[in-house]
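In: Have a look at this fold, sequence not included:
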């Protein structure tokens, strides 16, 4: 957003930078054709920079900069103060850019209500952090946020879009699901007959992501075969039980002749890595160490995901686990068409799930 403002309104961007920066005041004034007296650049702005640097120095101290210094062996009186000043000097330009974006956004939104990209981000952030509605209304009147009605409409629009994306991804039959629990402490929570007790509520979040690396629906069309060989199948015959496999069976069976086995070679590499990393006498062998031997390496691929709707279900019980799976399948519009007409048929395919038990 800052790059876009700077490109489309360079003069305004420089003017705001000159008003907030003591160092750029004279040069920016000359570029803009504005005369700047030396009195306007007196100790007042220098005092502002000192106060700002002091603030960030205290903030670094609050976040545990002394702890980092003790680990690295730095002096807390000498080099530590220099480190604080350096961090404060690095943050000052970033703060100036944030302030300029805020000012330009307020001016643009006062001219046209559709220029609300910055205000929309602030509004969604306030909504996600459970900020009181009165505070959001105050920010909206200041031009820093959109109105509560707009925030609610945006949340509803994003929810509908996410729901459609989830159904589209699940209909491909190459989606995998993952879920995990999270806790919410509801301060304004009132006990009821169904849910007495503390204010801590247990809920579950979930997401869906596509299976990459060329996976197609036919690769997962093996539900009948898995059930036929499942020990929980009542019609399964123990005498016809097939051979079980483990991860060792996935390794290539071809081994070089008159050479250590693959496991020995990998263990030897880790032993050399420990020597190079933790023994200073062997540190000069670091460039010759190389990488460990790869076996059936899976390419790294950026994976997108679609969030599911949060569920007011406690997954710590078996009933909760079943309810979570049913809820996610209902959101994804998957299942058995004989039980739920109109859903995508999942009976012949395997679905991969990830969760806590």
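Out: Received the coordinates, thanks. As the structure is a prediction and not an experimental result, all values here were calculated from the model.

In: in the strand or helix carrying residue 100, what counts as buried?
Out: Per DSSP states H and E, residue 100 falls inside helix 79-111. For helix 79-111, a neighbour-count test (16 or more other CB atoms under 10 Å) marks 80, 83-84, 87-88, 91-92, 96-97, 100-106, 108-109 as buried. To be clear about C-beta, it is placed using only N, CA and C from the backbone, and glycine gets the same treatment.

In: to the chain's geometric centre, what's the distance from that helix?
Out: Between the centre of helix 79-111 and the centre of its chain there are 24 Å (CA atoms, centre = their mean, to the nearest Å).

In: go on, stretch 14-21?
Out: With CA atoms, centre = their mean as the basis, stretch 14-21 stands 34 Å off its chain's centre.

In: Pull out the buried residues from it.
Out: 14, 15, 16, 17, 18, 20, 21.

In: hang on, the earlier thing: if you count contacts, what does the helix holding residue 100 end up packed against?
Out: In terms of contacts (3 or more CB pairs under 8 Å, 6 or more residues apart in numbering; DSSP states H and E), helix 79-111 is packed against helix 2-8, helix 10-20, helix 43-62, helix 65-72, helix 117-128.

In: where do the strands sit along the stretch 201-350 of the chain?
Out: In the stretch 201-350 of the chain, the strands defined using DSSP state E, counting those that start in this stretch lie at 306-307, 334-335, 344-345.

In: ok, and which of those has the densest surroundings?
Out: Mean neighbour counts were taken over the strands of the stretch 201-350 of the chain using mean count of other CB atoms under 10 Å, and the top value, a mean of 20, falls to strand 334-335.

In: Please identify the pairing partners of it and their relative orientation?
Out: The strands that strand 334-335 pairs with in its sheet are strand 344-345 (parallel) (by DSSP bridges).

In: Give me the contacts around the partner strand.
Out: In this structure, residues lying in contact with strand 344-345 by CB atoms under 8 Å, 6 or more residues apart in numbering are 170, 171, 173, 333, 334, 335, 336, 337.

In: For the residue lying closest to the third one once chain neighbours are set aside, give its distance to residue 98.
Out: Counting by CB to CB, 6 or more residues apart in numbering, the nearest residue to residue 173 once its immediate chain neighbours are dropped is residue 217, at 4.2 Å. With distances taken as CB to CB, to the nearest Å, residue 217 is found 47 Å from residue 98.

In: re earlier: output the strands of the stretch 201-350 of the chain as a markdown table; include the columns distance to residue 283.
Out: Below are the strands of the stretch 201-350 of the chain laid out as a markdown table (distance: least, CB to CB, whole Å):
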| stretch | distance to residue 283 |
| --- | --- |
| strand 306-307 | 46 |
| strand 334-335 | 55 |
| strand 344-345 | 57 |
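
In: How is residue 114 assigned, secondary-structure-wise?
Out: Secondary structure state of residue 114, per DSSP: H, G, I helix; E, B strand; the rest coil, is coil.

In: sorry, back to before: the strands of the stretch 201-350 of the chain: which one's closest to residue 181?
Out: The closest of the strands of the stretch 201-350 of the chain to residue 181 is strand 306-307. By CB to CB, the value is 15.2 Å.

In: for that closest one, packing partners?
Out: When contacts are defined as 3+ CB pairs under 8 Å, 6+ apart, strand 306-307 sits against helix 148-171, strand 200-210.

In: what residues does the shortest one touch?
Out: When contacts are taken as CB under 8 Å, 6+ apart, the neighbours of strand 200-210 outside the stretch itself are 166, 169-170, 172, 174-186, 189, 303-308, 310-316, 320, 324, 328, 332.

In: Ok, stretch 124-132 next?
Out: Residues contacting stretch 124-132 (CB under 8 Å, 6+ apart): 135, 136, 139, 145, 151, 154, 155.

In: Now with 7 Å, please.
Out: Counting contacts by CB atoms under 7 Å, 6 or more residues apart in numbering, the residues outside stretch 124-132 that touch it are 136, 139, 145, 151, 154, 155.

In: Point out where the stretch 1-150 of the chain drops to low pLDDT.
Out: Counting by pLDDT under 70, the low-confidence segments of the stretch 1-150 of the chain come to 21-81.

In: Report the separation between residue 327 and residue 203.
Out: Distance, residue 327 to residue 203, using CB to CB: 11 Å.

In: Find residues that contact each of those two.
Out: By CB under 7 Å, 6+ apart, the residues touching both residue 327 and residue 203 are 311, 313.

In: Have a look at these two and say which one is more surrounded.
Out: Neighbour comparison, residue 327 and residue 203: the larger count goes to residue 327, with 19 against 14 (by other CB atoms under 10 Å).

In: I'd guessed that one sits against residue 309; true?
Out: No. Residue 327 is beyond contact range of residue 309, at 8.2 Å (criterion: CB atoms under 7 Å).

In: can I get the buried residues of stretch 14-21 in JSON lines with distance to residue 127?
Out: Converted to JSON lines, those look like this (distance: CB to CB, whole Å):
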{"residue": "14", "distance to residue 127": "34"}
{"residue": "15", "distance to residue 127": "33"}
{"residue": "16", "distance to residue 127": "28"}
{"residue": "17", "distance to residue 127": "31"}
{"residue": "18", "distance to residue 127": "35"}
{"residue": "20", "distance to residue 127": "29"}
{"residue": "21", "distance to residue 127": "33"}
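
In: out of those residues, who's nearest residue 295?
Out: Nearest to residue 295 among the buried residues of stretch 14-21: residue 17, at 55.0 Å, using CB to CB.

In: The closest one reaches residue 99, doesn't it?
Out: No. Counting by CB under 7 Å, residue 17 does not reach residue 99; the two are 9.5 Å apart.
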